[in-house]
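Enquirer: Next come a sequence and a model predicted from it.
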Protein chains: 2
Amino acid sequence: MLNQSAPLDLLFQALADPTRRLMVERLSRGPASVSELAQPLAMSLPAVLQHLQVLETSGLVRSQKTGRVRTCRIEPTALRTAEQWISERRAHWERCFDRLGDYLAEHPDDPQKGNES
Amino acid sequence: MLNQSAPLDLLFQALADPTRRLMVERLSRGPASVSELAQPLAMSLPAVLQHLQVLETSGLVRSQKTGRVRTCRIEPTALRTAEQWISERRAHWERCFDRLGDYLAEHPDDPQKGNES
DNA sequence: ACAATAGTTAAGCGAGTGCTTAACCAAAGT
DNA sequence: ACTTTGGTTAAGCACTCGCTTAACTATTGT
């Protein structure tokens, strides 16, 4: 796909991993340091760092270093972007469904059949 | 992570690919056959089939074969599941933000500083 | 000065992803 | 009957992902 790196790719990719979702859940309850983030996770620190980096390049999380501790916080606008895409699709689909409803209301014959693969 | 195959993994993974999102967009405007789905995509039919399979195992799309044509349609409940997870996180975060607002309103001193990494 | 704490970098490895081509099957059209 | 159309399966390949260990840096506590 030639890696066009669109924002939504990064966003959904970031959310696709359970560890990363856990990190987001933790951060949605307030900021945390890297080791606080790592504490409930059964993996090495570098692994956590890598997940954090994915979250940062997706825009879901921002972090800043003060002294020797890096504090991470959620970036709610990114979450909003993903939510928006989904709800737009839902809106499209619901409009389409309404039209189908209208159609079926006016054509009460239904010759539909098929085998699930 | 030992592949626990949680529904949200499959869902977000499925949405993380631009081709698959295009297919979902197409299907959110109404059902389509496999080749209709493939027509605007610059890739082979088997590749499209593979994307379709990812969408199906994620629960986002359902399809049925009638004669020799397979008709695909969106499964809106799955889309809803993903949206819900996000909006729950947002709700958490917003509550937390409100508490921070209260705190800042009562403590008008702000000794915050840090270097972006 | 020295040690402990908090994080970071680099290299490597096995499994998974996104494509391809080639070969194939089955319903529909002529 | 035979060809076209619509889809499917299998194998293979380059690349990415999620993790590891080992080594290293920088701040903080004693």
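Expert: Yep, it's here.
Enquirer: CA only for contacts and neighbour counts going forward, please
Expert: Noted.
Enquirer: Which of the helices or strands spans A:Arg21?
Expert: In the assignment (DSSP states H and E), A:Arg21 maps to helix A:18-28.
Enquirer: Where do the strands of chain A begin and end?
Expert: For chain A, applying DSSP state E gives strands covering A:32-33, A:61-66, A:69-74, A:115-116.
Enquirer: In TSV, list the ones you listed along with mean neighbour count and mean pLDDT.
Expert: TSV is the format used below for those (neighbours: other C-alpha atoms under 10 Å in any protein chain shown; pLDDT from 0 to 100):
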stretch	mean neighbour count	mean pLDDT
strand A:32-33	18	97
strand A:61-66	18	96
strand A:69-74	19	97
strand A:115-116	10	41
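Enquirer: Can you add distance to B:Arg26 and give those strands back as JSON lines?
Expert: Formatted as JSON lines, the entries for the strands of chain A read as follows, by distance: least, C-alpha to C-alpha, whole Å:
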{"stretch": "strand A:32-33", "distance to B:Arg26": "40"}
{"stretch": "strand A:61-66", "distance to B:Arg26": "31"}
{"stretch": "strand A:69-74", "distance to B:Arg26": "32"}
{"stretch": "strand A:115-116", "distance to B:Arg26": "21"}
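Enquirer: closest one to A:Leu55 among those strands?
Expert: Relative to A:Leu55, the nearest member of those by C-alpha to C-alpha is strand A:61-66, separated by 5.5 Å.
Enquirer: Check which helices and strands the closest one sits against.
Expert: In terms of contacts (3 or more C-alpha pairs under 8 Å, 6 or more residues apart in numbering or on different chains; DSSP states H and E), strand A:61-66 is packed against helix A:45-57, strand A:69-74, strand B:115-116.
Enquirer: hmm, that strand in reach of DNA strand C?
Expert: Yes. Where contact is defined by C-alpha under 7 Å from any atom of the strand, part of strand A:61-66 touches DNA strand C, namely A:Lys65.
Enquirer: Would you give the sheet partners of that strand, along with the direction of each?
Expert: Each strand paired with strand A:61-66, and its direction, by DSSP bridges: strand A:69-74 (antiparallel), strand B:115-116 (antiparallel).
Enquirer: so can I have TSV of those strands showing distance to DNA strand D?
Expert: Output for the strands paired with strand A:61-66, formatted as TSV (distance: least, C-alpha to the nearest atom of the strand, whole Å):
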stretch	distance to DNA strand D
strand A:69-74	8
strand B:115-116	10
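Enquirer: closest one to DNA strand C among those strands?
Expert: Distances from DNA strand C to each of the strands paired with strand A:61-66 were compared using C-alpha to the nearest atom of the strand; the shortest belongs to strand A:69-74, at 3.7 Å.
Enquirer: what is the orientation angle of the closest one with helix A:45-57?
Expert: Angle between the axes of strand A:69-74 and helix A:45-57 is 40 degrees (criterion: axes from the mean of the first three to the mean of the last three C-alpha atoms, to 10 degrees).
Enquirer: Specify the angle between strand A:69-74 and helix A:18-28 in degrees.
Expert: Taking the same axes, to 10 degrees, one finds that strand A:69-74 is oriented at 90 degrees with respect to helix A:18-28.
Enquirer: what's strand A:69-74 in contact with?
Expert: Outside of strand A:69-74, the residues that reach it under the criterion C-alpha atoms under 8 Å, 6 or more residues apart in numbering or on different chains are A:24, A:27-28, A:30-34, A:60-65.
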